[in-house]
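Novice: need a structure here:
(one chain, ligands or ions: 2)
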Amino acid sequence: MKIAVAGAGAFGTGLAISLAANGPVTLWARNSDVATEMAKSRENKARLPTHKIPRDVLISSDLKDVFGAETVLLAIPAQKLGAWLAEHAQHLAGKRLVACCKGIDQTTLRGPVAQIEAHVPDAIGAMLTGPSFAADIANHLPTALTLACKNGDEGAYLQACLSTPTLRLYLSHDVIGAELGGALKNVIAIACGVCMGAGFGESARAAVITRGFAEMRRIGGALGADPETLTGLSGFGDLALTCTSDASRNYRFGLAIGAARDFDPNTTVEGAATAISVTNLAKHHDLDLPICRVVADLSSGKIDPETALATLLSRPLRKE
Ligand SMILES: NC(=O)C1=CN([C@@H]2O[C@H](COP(=O)(O)OP(=O)(O)OC[C@H]3O[C@@H](n4cnc5c(N)ncnc54)[C@H](O)[C@@H]3O)[C@@H](O)[C@H]2O)C=CC1
Ligand SMILES: O=C(CO)COP(=O)(O)O
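Specialist: Ligands and ions are numbered 1, 2, ... in the order given. Below you'll find the model as predicted:
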């Protein structure tokens, strides 16, 4: 199977390096200067420095190399995915399109696979998600992910083709659960970062992880996710990783808010936009998601950490 990875950021590069263990793979960068430099240095100096890109990764900025593949991994930020799919829909028809991004689109409130289904209805949509830092994948460290696809046969085929000796994929049919787990854990990771950055302590962070997970289950229930999925790699697994590691950009973004420090605005922080999407989804479904709501307000600078804490602690006492 010919595989292309669209999006040569940290994750796209890490995935391409890992998949090259199975054979040739194309890595598409939208910027031709970036592609030329990467092809020359065999390194993604801007997004994933110090990781050697093997010769089996064809680095290209020519979209024909993407359109020539049967399977395309979409490692483009969630808020940009819809426009990219819309622009190239006619060339993507009939392909297997595997979303590798984590987020809910702010305009449409769709997850990545729902975006694929909306823009390229006759493609086979799937989602690759779970606890995995790009650097770990590029280093061939053992990693387990969820491959979610509504079509059982296509899902099993993708599971086999995209697993490598160190990348172990578990199959799921619950696309909505996989989309929600990956999107929501980033929101909760921001809250955890704020908690630690503001000095509220590790006990408070454990409470945020647990109550955040309750919010993930609440919205998952309303949108038809299988609760089992949220306890799996794409939900609880990724929540555990992202809420406790300085390697996470969402967590570091929260740390910066908590400590009132500047944060590089060019860093991809999916949870900030997704917090707003989730807050809007919660309104549509009449759900109470207090942590997601304060993360939306914190990320857009409407409130400070002390106000967020006071908001959460002043809520009426209730059953767990
Ligand atoms: N970095 C990581 O460890 C992991 C990232 N992810 C997910 O992968 C997705 C991408 O993240 P990263 O690669 O880490 O971000 P990144 O910031 O390293 O790279 C983003 C890439 O997307 C490209 N891009 C941005 N807008 C675009 C557009 N309109 N059209 C085409 N390409 C565009 C940029 O040129 C850049 O190469 C995110 O949804 C993230 O949550 C998932 C698992 C791990
Ligand atoms: O999704 C990730 C790990 O599974 C990467 O997290 P960040 O986007 O917060 O860096």
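Novice: just the element for residue 79, please.
Specialist: helix 78-92 (DSSP states H and E).
Novice: so the most centrally placed residue in the chain: helix, strand or coil?
Specialist: Closest residue to the average C-alpha location of the chain: residue 102 at 2.3 Å, with C-alpha atoms, centre = their mean. Following DSSP: H, G, I helix; E, B strand; the rest coil, residue 102 is assigned to coil.
Novice: quick one: contacts for it?
Specialist: By C-beta atoms under 8 Å, 6 or more residues apart in numbering, residue 102 lies in contact with 78, 112, 129, 182, 183, 185, 186, 238, 270, 274. Any C-beta I mention is one placed from the backbone N, CA and C, and that applies to glycine too.
Novice: hang on, the earlier thing: the helix holding residue 79 near ligand 1 anywhere?
Specialist: Yes: among the residues of helix 78-92, 78, 80, 84 lie within reach of ligand 1 under C-beta under 6 Å from any ligand atom.
Novice: so which of those residues wins on neighbours?
Specialist: Highest neighbour count within the residues of helix 78-92 next to ligand 1, by other C-beta atoms under 10 Å: residue 78, with 27 neighbours.
Novice: what does residue 28 show for phi and psi?
Specialist: phi -100, psi 130 (degrees, to the nearest 10).
Novice: heads up, I number from 8, so please use that
Specialist: Right, with 8 as the first residue, what we last looked at is residue 35.
Novice: dig out what it forms beta bridges with.
Specialist: Beta-bridge partners recorded for residue 35 (DSSP bridges): residue 13, residue 67.
Novice: what sits against it?
Specialist: 11, 12, 13, 14, 15, 42, 67, 68, 69, 70, 72, 73.
Novice: can you select the buried ones from those in ChimeraX?
Specialist: Those of the contacts of residue 35 that count as buried under 16 or more other C-beta atoms under 10 Å are selected in ChimeraX with:
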select :11,12,13,14,15,42,67,68,72,73
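Novice: could you dump the contacts of residue 35 into TSV with pLDDT and distance to residue 154 added?
Specialist: As requested, the contacts of residue 35 are exported to TSV (pLDDT from 0 to 100; distance: C-beta to C-beta, whole Å):
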residue	pLDDT	distance to residue 154
11	98	17
12	98	15
13	98	17
14	98	18
15	98	22
42	98	27
67	98	25
68	98	28
69	98	28
70	98	25
72	98	23
73	98	20
